[in-house]
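Q: Provided below are the primary sequence and the corresponding predicted coordinates.
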Amino acid sequence: MPDSSSLMSRRRLLQGAGAMWLLSVSKVGFAASSQVIAVRVWPASSYTRVTLESNHQLKYRQFALSNPERVVVDIEGAHLNSVLKGIGSQVRGDDPFIKSARVGQFDPKTVRMVFELKQNVTPHLFGLAPVAEFKERLVMDLYPANMNSEQDPLLALLEDYNTGQLDKKMPAEKGPQPGKAGRDRPIVIMLDPGHGGEDPGAIGPNKTREKDIVLSIARRLKALLDKEGNMKAYMTRNEDVFIPLKVRVAKAQKQRADLFVSIHADAFTTAAARGSSVFALSTKGATSTAAKYLAQTQNASDLIGGVGKSGDRYLDHTMFDMVQSLTINDSLKFGKEVLHRLGKVNKLHKNSVDQAGFAVLKAPDIPSILVETAFLSNPEEERKLRTAKFQQEVAESILAGIKAYFSDSSRLARRG
Ligand SMILES: [Zn+2]
C-alpha cells in the first residue's frame, strides 16, 4: 500500500490530468494483479449496463473522448485475457447506447476499454462486493446524457434513485387517484415481474431463469387486463433489465396504482417444496420460516442485481412506519382472492396468505401482493412454468382475483 502522502500527491497529479484512479469499492485491499473472469453487457431502453466480474477489486479510471463520442475505462493491474477480448462480441446491434467496444493492453499495467457511443451518455460507475455466486464486480451504467423525464418516467426515477433524491420525492406522490376505480376512471394495476438483467432470480434444475418466466406471465396478464376496458396495466419492467426494488415501488406510486402485483417463481432449499403462494407485507416479521426465507432472498435482489453507492437501506427506512394497517388488510383481502383462484390451477403451498417483510411490497397506500406462481427448484413445477398453458392459467387466475377484489362493494365504497 502507498503511504497517504504519496497517495495524495498522486491523486493531485491524476486530477490534473483530468481523471483519477478509483477503487471499485471504496475500501483498500486490491491485489496487484486482477483477473477479469466475466464480462456482461445488458442493453435496455432506459440504460445499458456493463459488468466486469473479477477475482479482486478493480482499480479503474474513466474519462470521455469526442469525435467520435467515446467512454474510456482504464483498469490498472489487469492483463488482457480472452474474457476481456470478448467484450466486442457482447455488444448487440440493437444496443441503444453502445455502438462498439474494444479492448487493449494500454501499457504493461493497464488494460484500456473503449466504448464507442450511439448517443451522449452519462456514465455511472461503481463496485459491488461479492454476493451469491458473483465475485467482485465493477459496474458501468450508461444513461442518456439528456434525460427526458417527461418521455420516460422510469428514467426520472432511476436518476432520482442514483442521486439519492428518491426518498425526498416519494412522499409527494399520493396513493390511488380520486374517484371510484373502474367506474369514474380506469383501475390502475402495476405489474412487477421480479428480478431482471444481472439478477436472474431463481434458476431451475434445467436452467430455466425466473426472470424470463415471470416476465412472460406478466406480459400475458397485462394483455388480459388491458382487454378489460375499465383497467389499465403498467409494468415495472418489460424487458430484461435490472430495476432496484425501491424504484419498482416508486413507479407504482408515480402511476398512482390501485394495486401492485409482484410476480415470482422462486427456489427453496429443498427440491420437494412445491405449490403456489401469495404474500402480503408484514410489519411484524414473517409468519412462517418459508416466508422469512423468501423475503430474505427477494430483498437480496438489489445486492445481486447491483445497487451501487446509494446503498439501499430500504428495510430500515421510515416509510416502513408509514405503511398503514388498512393497506395491509386490503392486501390480505386481495391476496386471498388471488390465492383462491390459483388453487384451481395449481396445488397451493399454503392455504392462507403468508406475510413477510418484502421490500417490494412497501408502497404505503397501495394494496400489494407478491405471487409465488410455483417453485422453480421443483423439477415438475419448473416444467410446468415453462408451458404457455400454465403461464396463461396463472395470468387468468390473477385477473380473476383482481376482478373479485374490485367487485367487493363494501370495499369499493370505502375507496371511492
Ligand atoms: Zn423471485
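A: Alright, I've got the coordinates.
Q: any weak-confidence spans in the stretch 251-400 of the chain?
A: Within the stretch 251-400 of the chain, the segments meeting pLDDT under 70 span 308-324.
Q: so which bits of it are right by the ion?
A: Neighbours of the ion within the stretch 251-400 of the chain, by Cβ under 5 Å from the ion: 264, 266. C-betas here are computed from N, CA, C, even on glycine.
Q: where's Q62, which helix or strand?
A: Assigned by DSSP states H and E, Q62 belongs to strand 59-65.
Q: and the next helix or strand past the helix or strand where T327 lies?
A: T327 belongs to helix 325-342 when elements are defined using DSSP H and E. Toward the C-terminus, helix 325-342 is succeeded by strand 354-356 as the next helix or strand (DSSP H and E).
Q: please parse this protein into its domains.
A: What the record gives for the chain is the domain set 17-144, 167-415, from automatic domain parsing.
Q: need the winner for burial among these.
A: Of the domains of the chain, the one with the most neighbours on average (mean count of other Cβ atoms under 10 Å) is domain 167-415, at a mean of 20.
Q: tell me how far it lies from the chain's centre.
A: Averaging C-alpha coordinates over domain 167-415 and over its chain gives two centres that are 13 Å apart (Cα atoms, centre = their mean, to the nearest Å).
Q: and if you look at stretch 50-65?
A: For stretch 50-65, the distance between its averaged C-alpha position and the chain's averaged C-alpha position is 22 Å (Cα atoms, centre = their mean).
Q: contacts only, for the residue in the stretch 151-300 of the chain positioned nearest to the ion.
A: Among the residues of the stretch 151-300 of the chain, H264 lies closest to the ion, at 3.4 Å counting by Cβ to the ion. Contacts for H264 (Cβ atoms under 8 Å, 6 or more residues apart in numbering) come out as 194-195, 201, 210, 214, 298, 370-373.
Q: out of those residues, which are inside helices?
A: Cross-referencing the contacts of H264 with the helices (criterion: DSSP state H) gives 210, 214, 298 as the overlap.
Q: got the contact list for the nearest residue to the last one once chain neighbours are set aside?
A: It stands for Q298. Among residues not flanking Q298 along the chain, F358 sits closest, at 5.7 Å (Cβ to Cβ, 6 or more residues apart in numbering). Contacts of F358 were listed using Cβ under 8 Å, 6+ apart, and they are 262, 279, 281, 294-295, 298-299, 370.
Q: okay, strands next: where are they in the stretch 251-400 of the chain?
A: In chain order, the stretch 251-400 of the chain shows strands spanning 259-264, 277-281, 354-356, 368-372, with DSSP state E, counting those that start in this stretch as the criterion.
Q: so how far is E372 from A273?
A: Using Cβ to Cβ, to the nearest Å, we find A273 at a distance of 10 Å from E372.
Q: overlap in contacts, the two.
A: Here A273 and E372 have H349 as joint contacts, going by Cβ under 8 Å, 6+ apart.
Q: show me where the stretch 1-150 of the chain dips below the pLDDT cut-off.
A: Screening the stretch 1-150 of the chain residue by residue with the criterion pLDDT under 70, one finds the ranges 1-19, 24-32, 147-150.
Q: next, the residue in it that the ion sits nearest to: phi, psi?
A: Relative to the ion, the nearest point of the stretch 1-150 of the chain is A132 (12.7 Å; Cβ to the ion). Taking degrees, to the nearest 10, you get phi 50, psi -130 for the backbone angles of A132.
Q: residue boundaries of the helices in this structure?
A: Assignment of helices within the chain using DSSP H yields the ranges 4-16, 82-85, 87-90, 153-162, 166-169, 210-227, 245-254, 289-299, 301-305, 319-322, 325-342, 379-385, 388-407, 409-415.
Q: and the second one, C-alpha only, in PDB?
A: The C-alpha atoms that make up helix 82-85 are tabulated as PDB, following Å, rounded to 0.1, in the frame of the first residue of the first chain:
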ATOM      1  CA  SER A  82      -9.700 -13.900 -23.700                       C
ATOM      2  CA  VAL A  83     -12.600 -12.900 -21.500                       C
ATOM      3  CA  LEU A  84     -11.800  -9.200 -21.900                       C
ATOM      4  CA  LYS A  85     -11.100  -9.700 -25.600                       C
END
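Q: helices or strands next to it in the packing?
A: strand 36-42 (3 or more Cβ pairs under 8 Å, 6 or more residues apart in numbering; DSSP states H and E).
Q: dump the strand it packs on to CSV, keeping only the CA atoms.
A: C-alpha atoms of strand 36-42 as CSV (Å, rounded to 0.1, in the frame of the first residue of the first chain):
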residue,chain,number,x,y,z
VAL,A,36,-11.3,-10.5,-15.1
ILE,A,37,-13.4,-13.7,-15.2
ALA,A,38,-16.6,-12.5,-16.9
VAL,A,39,-17.8,-9.6,-18.9
ARG,A,40,-21.5,-9.0,-19.4
VAL,A,41,-23.4,-6.3,-21.4
TRP,A,42,-27.1,-5.7,-20.6
